[in-house]
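In: Sequence and predicted structure, then a few things I'm wondering about:
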Amino acid sequence: MLEKPLSGIRVLDFTRMFAGPFCTMLLGDLGADVVKIEAPEGDPIRAQGPPFFEGESMSYLAVNRNKRSIVLDMKREDDKATARALALKADVIVENFRPDVMGRLGVGYESVCAENPGVIYAAMSGMGATGPLRDKGAFDLTIQAEGGYMSLTGEAEGTPIKLGTSAFDLICGQYAMGAITTALYARERTGRGQKIETSLLEGMVSFLVDAGVEYLTMGTLRPKWGSEHPNNVPYKAFAAADGWIVVGAGAQHLYEGFVRVLKREDLAVDPRFRTLRDRVTNRAALYRILDEVVAQWKVEELVAALDAAGVPCAPVNDVAAVFRHPQVIERGMLQTVPRADGSQVPTIGPAAKFSSVDITRDWKAPPRLGEHGAEVLRDWLAR
């Protein structure tokens, strides 16, 4: 049986809340031995709720599978010594405290690296490790505001809207995970570890992508477009008779296919809408017509007709519909993971699959607080 890509890699996880635990969960998914260091009161996200599933918060369950939990009170010298001993055995250390906290706890990068030069040390923060706001705390909500994303999200002329999940916590975690695996690859060639720094702010700014480049090159600020696109028309959510459907038909052949399905071929030759440039210029007039026509269709019927015509579209599903979706099920995005007592916890499957190994093999449920203390000390420190 082939090993998972990160089998044998030891990860010491000092993170809490969402971004850091998501990073370390991804490492654990790939086979790393992730040891979650928790204070006696546990990761604060354990208490975030309701709702709770068997005493655990939804947010905790979402980002903590495939880890082992050990409780260390870092106010106690003996527990600080244990944390340092674990750090000296780690291949990877991940933390998301404010700058300088880890140094005060005796497990800062320079100190650990002096005795464990191969360590990959990932420091995650809200605003970044340097700069005038390095000590400012941040949550996904505040980063979406300060980093500009909320200025782009929501209906035109509407109030600023945050995304429906803590997306930039997760993006920061993904950047850190990718950097860690890259640094592990570099260590194979050089024998040396290194320190990695990333933050919610930097991840957020990188995701401004074309809106950011539009400002940098043209000096223009993109307004909020809701589900619409600034230069693709038609491209938005439409209210149908029994729900919502999105249609992306900006390209000429797609637009012609769309209006043909709607039995409004006249819109393909109407001089106001004949080309994409015309449609962008006259979007309000076109959408008034299309909104009225689409409202006469049921979602399932229109999706089927547009699929047959090769026009990109989708129903606006709720989360329940997503986890009934045949493609989601086929691609293994619905999984369950066992607890030590044999009970099962539902979880989301891996976004990336590997041809050589089933990444979900032997996945485990998020740990109870301190569940693996003695086990970790035995495995890592032979105590």
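Out: Everything's here; your move. Numbering: from 1, shown residues only.
In: okay, CA-based contacts and neighbour counts for the rest of this
Out: Fine.
In: pLDDT score assigned to Met1?
Out: Looking at Met1, its pLDDT is 67.
In: Same check on the one 5 residues further on?
Out: In this model, Leu6 is scored at 97, pLDDT.
In: count of residues packed around it?
Out: For Leu6, the neighbour count with other C-alpha atoms under 10 Å is 16.
In: got the contact list for it?
Out: Contacts of Leu6 were listed using C-alpha atoms under 8 Å, 6 or more residues apart in numbering, and they are Leu27, Gly28, Leu30, Gly31, Ala32.
In: Just to be sure, which of the residues you listed are found in helices?
Out: Judged by DSSP state H, the subset of the contacts of Leu6 located in helices is Leu27, Gly28.
In: a helix runs through Ser69, doesn't it?
Out: No: if the criterion is DSSP: H, G, I helix; E, B strand; the rest coil, then Ser69 is strand and not within a helix.
In: right, and it touches Glu375 too?
Out: No: with contacts counted by C-alpha atoms under 8 Å, Ser69 stays clear of Glu375, the gap being 9.6 Å.
In: Who has more neighbours out of the two?
Out: Ser69 (24 against 15).
In: Who does the more buried one form a beta bridge with?
Out: Counting by DSSP bridges, Ser69 is bridged to Lys36.
In: How about the contacts made by it?
Out: Val35, Lys36, Ile37, Glu38, Pro367, Arg368, Leu369, Gly370, Glu371, His372, Gly373.
In: Stretch 54-65: which residues count as buried?
Out: Glu56, Ser57, Met58, Ser59, Tyr60, Leu61, Ala62, Val63, Asn64, Arg65 (16 or more other C-alpha atoms under 10 Å).
In: Let's have the contacts of Leu6 in TSV, adding distance to Val303.
Out: Listed next are those as TSV, based on distance: C-alpha to C-alpha, whole Å:
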residue	distance to Val303
Leu27	38
Gly28	39
Leu30	37
Gly31	40
Ala32	42
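In: follow-up on the earlier one: need the buried ones from the contacts of Ser69 selected in ChimeraX.
Out: Buried residues among the contacts of Ser69 (16+ other C-alpha under 10 Å), as a ChimeraX selection:
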select :35,36,37,38,367,368,369,370,372,373
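In: which one of the contacts of Ser69 sits closest to Thr217?
Out: In terms of C-alpha to C-alpha, no member of the contacts of Ser69 lies closer to Thr217 than Lys36, at 44.2 Å.
In: what about Val293, neighbour count?
Out: The burial count for Val293: 17, using other C-alpha under 10 Å.
In: nearest to Phe258, of the buried residues of stretch 54-65?
Out: Ala62 (39.0 Å).
In: and that closest one, what is it in contact with?
Out: Thr347, Ile348.
In: switch to 10 Å and redo it
Out: Phe18, Pro21, Phe22, Met25, Pro346, Thr347, Ile348, Ala365, Pro366 (C-alpha atoms under 10 Å, 6 or more residues apart in numbering).
In: Alright, that wraps it up for me.
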